[in-house]
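How does the following fold in three dimensions:
(2 chains)
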Protein chains: 2
Amino acid sequence: MAALAPLSNRQFRLAARPVGLPKASDWKLTAEPVAEPAEGQVLVKVLQLSLDPAMRGWMNEGRSYIPPVGIGEVMRAIGVGKVVASKNSAFALGDMVAGGFGIQEYCLVEDAKRLGLNKIDLRLAPPEKWLNALGMPGMTAYFGLLEVGQPKEGETVVVSGAAGAVGQTVGQVARIKGCRVVGIAGGKAKCDFVVNELKFDACIDYKSGSVRDGLKQHCPKGVDVYFDNVGGDILDVVLTRINKHARIVICGAISQYNNTTPVKGPSNYMMLLVARARMQGMVVFDYADRYGTAIKDIAQWMKEGKFISREDVVDGIENFPATLNKLFSGGNFGKLVLRVAEG
Amino acid sequence: MAALAPLSNRQFRLAARPVGLPKASDWKLTAEPVAEPAEGQVLVKVLQLSLDPAMRGWMNEGRSYIPPVGIGEVMRAIGVGKVVASKNSAFALGDMVAGGFGIQEYCLVEDAKRLGLNKIDLRLAPPEKWLNALGMPGMTAYFGLLEVGQPKEGETVVVSGAAGAVGQTVGQVARIKGCRVVGIAGGKAKCDFVVNELKFDACIDYKSGSVRDGLKQHCPKGVDVYFDNVGGDILDVVLTRINKHARIVICGAISQYNNTTPVKGPSNYMMLLVARARMQGMVVFDYADRYGTAIKDIAQWMKEGKFISREDVVDGIENFPATLNKLFSGGNFGKLVLRVAEG
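Numbers count the residues shown, from 1 in each chain, chains lettered A, B, ... in the order given. Next up is the predicted model:
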């Protein structure tokens, strides 16, 4: 361990609360010596970090499902890494782990439980999959779809952000459960991927045509479940096509996260009345005690070749600010991962 | 019956689809001879008609939970009346009935089932109550609150339009079920009525103060069920105060019905995610086979003195257009009823 002490730990800290899209000046890249673990602590070398739309919300002041990141604090992020020093009997040198490490190269885990530190099994899937289908996005998709969306065999499920981290899993799980699955994504490459590789029944390119026409064409029996990652105009259009007793899962609203004007609420929300439908929000942490079940199911489907996932891996912690912003332009293709070090 | 033939039946027909608030020229007052019932038909003399916010929606073109009223057709309305001629063995001369009679003085009921014709028992309550707590508004409140809102004893229930037809019953049923009940209404007189006569725990006057401050003051434990009759800004403010797993019942959005610009969707709908809450629409007709239960409960509560209802009765069919518009300015105090003839 003594050898580690001179190592430098680079960290991205929140310098200012962004107005609109985060700017370079909203971040501060700092460095400090890597700390040595005290009794009960674990030192993790961070290998990969998950960049997620939800991070934008954590940067705002105000009430949400978790407290905001404080000014000057290391930016919150989930990652995978390797235990490089441990004074906690539950974690051994060399263990591969996931947890809320933050945007930094090393994480001194003072409280393993609070940080959500858990071992991951690379025999099931490589590290980046543990940030995608077997990580938070996959858990969000699995429980959001099955518990809140409650799709029944033969129903039509629509998901926005279909090529993204959550969307990929939502659509594939819905397909495996016997639903007709229609994605919404931006651009031909993503739509081709969604249909040809994820095996959705169809995918609507919101950048090249009318989502309304696409829904008419591809959802001839209407929409029973809509899993919404984007909000804005797309949510409003889908609302006009919902069936009686439809379920709308509110998972995200990426189109609205960088607004400097008030969020555009769904103008067509009165369709909930017409259709006796419901719109319901979900937060993945509520299902934490059942992540094991979801991981087992998804890993099994992967093994059987029924389920794939795609990541968009960008190298270098120094690229964090620009890489994060790819999410908001739709510039990422697949689950966005920042690789900080080789495994 | 021959004596009836020369009688004139005045009717309000929809002349044009309104843009914004209905104007006098959107209506046409016509008169035709009163028809004689053929085999299986019933002739009803209309006594009182229910004027409801939902009528505004029926005047619009486009998809809804029931087809729009056609141009030139008698305006749809629910009423109570007396059977004055019958060739249907299920209905006898003198029977008091309720049904979808329309804005007219006499209704020739060709298909009793389709019109929802049913006998009412004036020993339980006078005619206007059958258009209020024992009629559609009461049924909407009862099933919307209990089935969709699912309040539990000790929870806080907030209802907008609290002095109106639906709001009165929502709050009183919630109180009887052991909830803390807070109304939102416009003006001191209505708020006093809601607290002093309907016995809500509190009522917030949206015309004289901040609804946000009122909610902070009167819902110290947050909002578990919000029964929304108004939409717009009030819905948005209540969304900021909802508790985890809150239920928002979407019953109406009277603040938006006369919009000539797009409906204002709830900007704060992402609070559904933060709170893992749901927003769900309802249409009273879905509960038609259980109206009997609700009527029995409400009539019993009335008898026990636990439940009252207030109607705002305006005389004269010729006053229909102006009276209807009172709903949209909040000018009515209690359930708005148009009395067409003395019982």
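
does chain B sit close to stretch A:250-264?
Yes: judged by Cβ under 8 Å from any Cβ of the partner chain, stretch A:250-264 comes into contact with chain B at A:250, A:251, A:252, A:253, A:256, A:262, A:263, A:264. Yep, even glycine has a C-beta here, placed from its N, CA and C like the rest.

ok, the fifth one - contacts?
I take that to be residue A:256. By Cβ atoms under 8 Å, 6 or more residues apart in numbering or on different chains, the contact set of residue A:256 is A:231, A:232, A:263, A:264, B:270.

With respect to residue A:77, which of these is nearest?
Nearest to residue A:77 among those, counting by Cβ to Cβ, is residue B:270 at 21.1 Å.

isn't the closest one right up against residue A:250?
Yes: between residue B:270 and residue A:250 there is a contact at 7.0 Å, judged by Cβ atoms under 8 Å.

tell me, what's touching those two both at once?
Shared contacts of residue B:270 and residue A:250 (Cβ under 8 Å, 6+ apart): residue A:281.

Compare neighbour counts for the two and give me the winner.
The residue with more neighbours, out of residue B:270 and residue A:250, is residue A:250; 28 against 21, by other Cβ atoms under 10 Å in any protein chain shown.

in the sheet, who's paired with the more buried one?
residue A:228, residue A:281 (DSSP bridges).

Pick out the residue nearest the middle of chain A.
Among the residues of chain A, the one closest to the centroid is residue A:137, at 3.8 Å (Cα atoms, centre = their mean).

For the residue in the stretch 101-250 of chain A that chain B sits nearest to, which residues are in contact?
Proximity of the stretch 101-250 of chain A to chain B (Cβ to the nearest Cβ) peaks at residue A:250, 5.1 Å away. By Cβ under 8 Å, 6+ apart, the residues touching residue A:250 are A:228, A:279, A:280, A:281, A:282, B:269, B:270, B:272, B:273.

run the last query once more with 7 Å
Counting by Cβ atoms under 7 Å, 6 or more residues apart in numbering or on different chains, residue A:250 touches A:228, A:279, A:280, A:281, B:272, B:273.

most neighbours, which of these?
That'd be residue A:279 among the contacts of residue A:250, by other Cβ under 10 Å, with 29 neighbours.

helix/strand/coil for that one?
Assigned with DSSP: H, G, I helix; E, B strand; the rest coil, residue A:279 falls in the strand class.

Also residue A:337?
Residue A:337 - assigned by three-state DSSP - is strand.

what number of residues lie near it?
27.

Isn't it up against residue A:309?
No: Residue A:337 is beyond contact range of residue A:309, at 11.0 Å (criterion: Cβ atoms under 7 Å).

Residue A:185 pairs with what?
Beta bridges link residue A:185 to residue A:205 when assigned by DSSP bridges.

Provide a list of residues in contact with the closest residue to chain B within the stretch 1-150 of chain A.
At 4.9 Å from chain B, residue A:65 is the closest residue in the stretch 1-150 of chain A, using Cβ to the nearest Cβ. Applying Cβ under 7 Å, 6+ apart, we find residue A:65 in contact with A:283, B:274.

What strand or helix carries it?
Under DSSP states H and E, no helix or strand contains residue A:65.

Just the pLDDT at it, thanks.
Listed pLDDT for residue A:65 reads 84.

same thing with residue A:287?
Residue A:287 carries a pLDDT value of 97.

Wait, it touches residue A:141, no?
No: counting by Cβ under 7 Å, residue A:287 does not reach residue A:141; the two are 11.2 Å apart.

follow-up on the earlier one: most neighbours among the contacts of residue A:256, which one?
For the contacts of residue A:256, neighbours tallied by other Cβ under 10 Å; top is residue A:231, 24 neighbours.
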